[in-house]
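Enquirer: A predicted structure for the sequence below; I have some questions about it.
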Amino acid sequence: MKYHPIDRNLYIKNRSKFLSQMKPNSVAIFNSNDNYPVSADTTLPFAQHRDILYLSGVDQEESILLLFPDAPYENLKEVLFLRETNEHIAVWEGEKLTKERAFEVSGIKNVIWVQDFHKTLKEVMSYADTMYINTNEHYRASVETETREARFIKWWKENYPAHKVEKSNPILQRLRSIKESEEIDLIQKACDITEKGFRRVLSFVKPNVMEYEIEAEFAHEFLRNRSKGFAYTPIIASGNNANVLHYIENNQQCKAGNLILLDVGAEYANYSSDMTRMIPVSGRFTARQKEVYNAVLRVKNEATKMLVPGTLWKQYHVEVGKIMTSELLSLGLLDKADVQNENPDWPAYKKYFMHGTSHHLGLDTHDYGLLHEPMQANMVFTVEPGIYIPKEGFGIRIEDDMVIQNEGEPFNLMRNIPIEVEEIESIMNA
């Protein structure tokens, strides 16, 4: 791994929190992700399933975590199953975790090679009454590929039909949404790497540069700072491309006078950052671009103030919509009749700001979190309002990452990344 080692006490704490939520005499299983094939003998780069990573720190394929807090024997309370390593694997694929190294990473004492998983599980199931299966219930999830976790659940239900079933996901949605201090430090590191990439790009952009060249500058800076790269597919959208919310082609030339929307974030140790900034290709905003930009910035600043304990996500977006409506009226994009005659299910402001303002951030860019429950301290949210005006040839979105505090306004993990028009122009023209 490129990232520095993480203190195993983080994973010990995470498991302790999960174990405290399990029902009596129950067992929970968590599987790693597959190596996904491309074709022939090629696979996509491995990305670990975030749940087993959260609970063990193991960032390796073919790994399984078993938790059984009421096991009759101490060695079955926490078990980590790993692919057996040897000198041949080390030569061809690189070193894998040994049993000793796995304990150092996870704090789990009983590490067994994965070929013995079914034998161990058979013994465990003879003692347990209930199995916690780990289904993907994220509100944005749309999974067509059968995962390793899904295959295990199907197999387990066929072979152990008499056991009760519980779900791990609701527990993890709550636990993962509230970050430990170590996790906030890792997200801050990802944000700091993103800052370095952005400052590099500010000095690089000029008329006629290609969007993919800007993407390459970010990638260079991310990789040289121990990141695997982008936390999500980057959006480098110049001119009217910014009005396509998930524009990822990044293959157009940046023309003088246009703006570029940069929705980019580095990952670090599998934790995400998520930043959006606007920069002028020619180094200066036009008067209209600046007017709209500052309107979006005001919405972002007002929305940020509402990210406090007790806030409900749905109501928060209603209030942000009211602020955005006021700004759109001032910009002349809406008039009073538009607002008076609006459809309550699709308010007038949605013509120019059609997406949400905030989402959870953490091990996933759209991280775990139950949106019907009130916000709590140490949750991390993005704040990303936007105004999109295809008729004027540009769209503007601004985004920072915020940690909710026990009291007062949230802490901005991107506080050092240039955001004011004057600062951006100053750096670009230095």
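Expert: Received, thanks.

Enquirer: Please count neighbours and contacts with C-alpha atoms only from this point.
Expert: OK.

Enquirer: Just grab the bridge partners of the nearest residue to I153 once chain neighbours are set aside for me.
Expert: Distances taken as Cα to Cα, 6 or more residues apart in numbering place I133 nearest to I153, at 6.6 Å, with adjacent residues excluded. Per DSSP bridges, the residues bridged to I133 are K167.

Enquirer: Is it correct that I133 is in contact with K154?
Expert: No. Assessed by Cα atoms under 8 Å, I133 is found out of contact with K154, at 10.1 Å.

Enquirer: who has more neighbours, those two?
Expert: Each of I133 and K154 has its neighbours counted (other Cα atoms under 10 Å); I133 has more, 21 against 10.

Enquirer: thinking again about what came up before, mind checking pLDDT for the residue nearest to I153?
Expert: I133 is assigned a predicted lDDT (pLDDT) of 97.

Enquirer: S168 too?
Expert: S168 is given a pLDDT of 98.

Enquirer: Next: the one 4 residues further on.
Expert: The predicted local distance difference test score for L172 is 98.

Enquirer: my read is it is in a helix, agree?
Expert: Yes. Per DSSP: H, G, I helix; E, B strand; the rest coil, L172 lies within a helix segment.

Enquirer: Quickly note the distance from it to T130.
Expert: Using Cα to Cα, to the nearest Å, L172 is found at 17 Å from T130.

Enquirer: Likewise for V209?
Expert: According to Cα to Cα, V209 stands 59 Å off from T130.

Enquirer: who has more neighbours, those two?
Expert: A direct count of neighbours by other Cα under 10 Å for V209 and T130 places T130 higher, at 19 against 16.

Enquirer: distance of the more buried one from R224?
Expert: 47 Å.

Enquirer: swap in M210?
Expert: From M210 to R224 the distance is 22 Å (Cα to Cα).

Enquirer: got it, and F230?
Expert: Remark: distance between F230 and R224 (Cα to Cα) = 13 Å.

Enquirer: How about E409?
Expert: Between E409 and R224 the computed distance is 33 Å (Cα to Cα).

Enquirer: Those two: which is more packed in?
Expert: Set E409 next to R224 and count neighbours by other Cα under 10 Å: E409 wins out with 16 against 12.

Enquirer: And the spatially closest residue to that one that is not a sequence neighbour, how far from I398?
Expert: With sequence-adjacent residues excluded and distances taken as Cα to Cα, 6+ apart, E409 is closest to K305, at 5.4 Å. K305 sits 15 Å away from I398, taking Cα to Cα as the criterion.

Enquirer: Counting neighbours, go ahead and name the busier of these two.
Expert: Neighbours of K305 and I398, each counted by other Cα under 10 Å, are more numerous for I398; the result is 23 against 12.

Enquirer: okay but the more buried one is in contact with I279, surely?
Expert: No. I398 lies out of contact with I279 (Cα under 8 Å); the separation is 10.7 Å.

Enquirer: Where do the helices of the stretch 51-200 of the chain begin and end?
Expert: Using DSSP state H, counting those that start in this stretch, the helices of the stretch 51-200 of the chain run over 87-93, 99-106, 117-127, 148-159, 169-177, 181-202.

Enquirer: from the ones you listed, which stretch is densest packed?
Expert: Highest mean neighbour count among the helices of the stretch 51-200 of the chain (mean count of other Cα atoms under 10 Å): helix 181-202, with a mean of 21.

Enquirer: Can you name every helix or strand that that helix contacts?
Expert: Other helices and strands packing on helix 181-202, by 3 or more Cα pairs under 8 Å, 6 or more residues apart in numbering; DSSP states H and E, are helix 211-223, strand 267-268, strand 271-272, helix 421-428.

Enquirer: Quick check: buried residues in the last one?
Expert: When you say that, I think you mean helix 421-428. By neighbour count on 16 or more other Cα atoms under 10 Å, the buried set for helix 421-428 is 421, 424-425, 428.
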